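**Q** sequence unknown, structure follows:
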């Protein structure tokens, strides 16, 4: 077996230590029509409740807040919750609350929800346990779980006029500091689980229904953006570098300057996908 298979890895609270301050800037944006797609799909009237599980700093929670009477973000990382509160205040979002808790500890007396979302989070959890828990937290009969597919973070198409981000060179630099295995908290994790559909169906869900949210934008990213992206990732979270963090950042910035002397990189974003799961027995 490959060292660090996902099923051998154990979560610990340092998984994203130090990453929260970089997350909002570093992670690529969702498609601009995300909120409209939720509204059209579920016919929202501003009176329902949303639960975002593994919310991070509110990447999905905050853009959807205007569609619901109340939105609740749950995350296991204290710094992510603190950053979510800061961003909510900065953006004037008044109907959001934030809970520092692991998904496995739900329902935590949070009540029932019309929509429950996962985005770049489900693969870190005890998926069968969490899928079963959130099914019982849905309003009946029309509540739904939505996986906001974040493949747009990975399968990026290059634009023609500027160089793409030097992703592999950044990965090589990370490996030169941290070793060949991908670090994840205090452990290593070189793989992620598949079979999401099987997990949800085994928990009593039917689906998925697929809703495509068009994107296709070309965005320009600076060296600062790519530094933030690097430090927002679990495999290169700031705590992993210890006393060598400043040296790693200097080497990273030299690498980026070599890849694009004017400090600009371009990427074309593919569409988002919403994978919608509903109770098999409403």
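**A** Done, it's in. This is a predicted model, so every value here is computed, not measured.
**Q** what residues are up against residue 76?
**A** Going by Cβ atoms under 8 Å, 6 or more residues apart in numbering, residue 76 touches 11, 13, 15, 54, 100, 101, 102, 103. Just so you know, the C-beta spots here come from the backbone N, C-alpha and C atoms, and that holds for glycine as well.
**Q** any idea which of those residues is closest to residue 261?
**A** residue 15 (35.3 Å; Cβ to Cβ).
**Q** and the nearest residue to the closest one once chain neighbours are set aside, how many residues sit next to it?
**A** Of all residues not flanking residue 15 in the chain, residue 185 sits nearest, at 4.1 Å (Cβ to Cβ, 6 or more residues apart in numbering). Neighbours of residue 185 under the rule other Cβ atoms under 10 Å: 20.
**Q** Phi, psi for residue 185 please.
**A** For residue 185, the backbone dihedrals (degrees, to the nearest 10) come out as phi 70, psi -130.
**Q** helix/strand/coil for residue 74?
**A** Secondary structure state of residue 74, per DSSP: H, G, I helix; E, B strand; the rest coil, is strand.
**Q** Run a quick neighbour tally on it.
**A** Residues within reach of residue 74, counting by other Cβ under 10 Å, total 24.
**Q** Residue 7 now?
**A** Counted by other Cβ under 10 Å, the residues lying close to residue 7 total 8.
**Q** By average pLDDT, which secondary structure element in the chain comes out worst?
**A** The helix or strand of the chain with the poorest confidence is strand 157-158; it has a mean of 54 (mean pLDDT, DSSP states H and E).
**Q** per-residue pLDDT, the closest residue to residue 106 other than its chain neighbours?
**A** Leaving aside its sequence neighbours, residue 106 sits nearest to residue 133 (Cβ to Cβ, 6+ apart; 4.9 Å). Turning to residue 133, the model gives it a pLDDT of 98.
**Q** Name the helix or strand for residue 133, please.
**A** Here residue 133 sits within helix 127-137, counting by DSSP states H and E.
**Q** before we move on, what SS does residue 181 have?
**A** Residue 181 ends up coil, using three-state DSSP.
**Q** which sections of the protein are below the confidence cut-off?
**A** Across the chain, the ranges flagged by pLDDT under 70 are 1-2, 150-160.
**Q** all helices for it, in order.
**A** 20-26, 34-42, 61-64, 78-90, 127-137, 167-178, 196-202, 223-232, 245-259 (DSSP state H).
**Q** how about JSON lines for these, with distance to residue 145 and mean neighbour count added?
**A** Below are these laid out as JSON lines (distance: least, Cβ to Cβ, whole Å; neighbours: other Cβ atoms under 10 Å):
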{"stretch": "helix 20-26", "distance to residue 145": "23", "mean neighbour count": "20"}
{"stretch": "helix 34-42", "distance to residue 145": "12", "mean neighbour count": "17"}
{"stretch": "helix 61-64", "distance to residue 145": "14", "mean neighbour count": "22"}
{"stretch": "helix 78-90", "distance to residue 145": "21", "mean neighbour count": "18"}
{"stretch": "helix 127-137", "distance to residue 145": "6", "mean neighbour count": "19"}
{"stretch": "helix 167-178", "distance to residue 145": "31", "mean neighbour count": "15"}
{"stretch": "helix 196-202", "distance to residue 145": "7", "mean neighbour count": "17"}
{"stretch": "helix 223-232", "distance to residue 145": "25", "mean neighbour count": "21"}
{"stretch": "helix 245-259", "distance to residue 145": "37", "mean neighbour count": "15"}
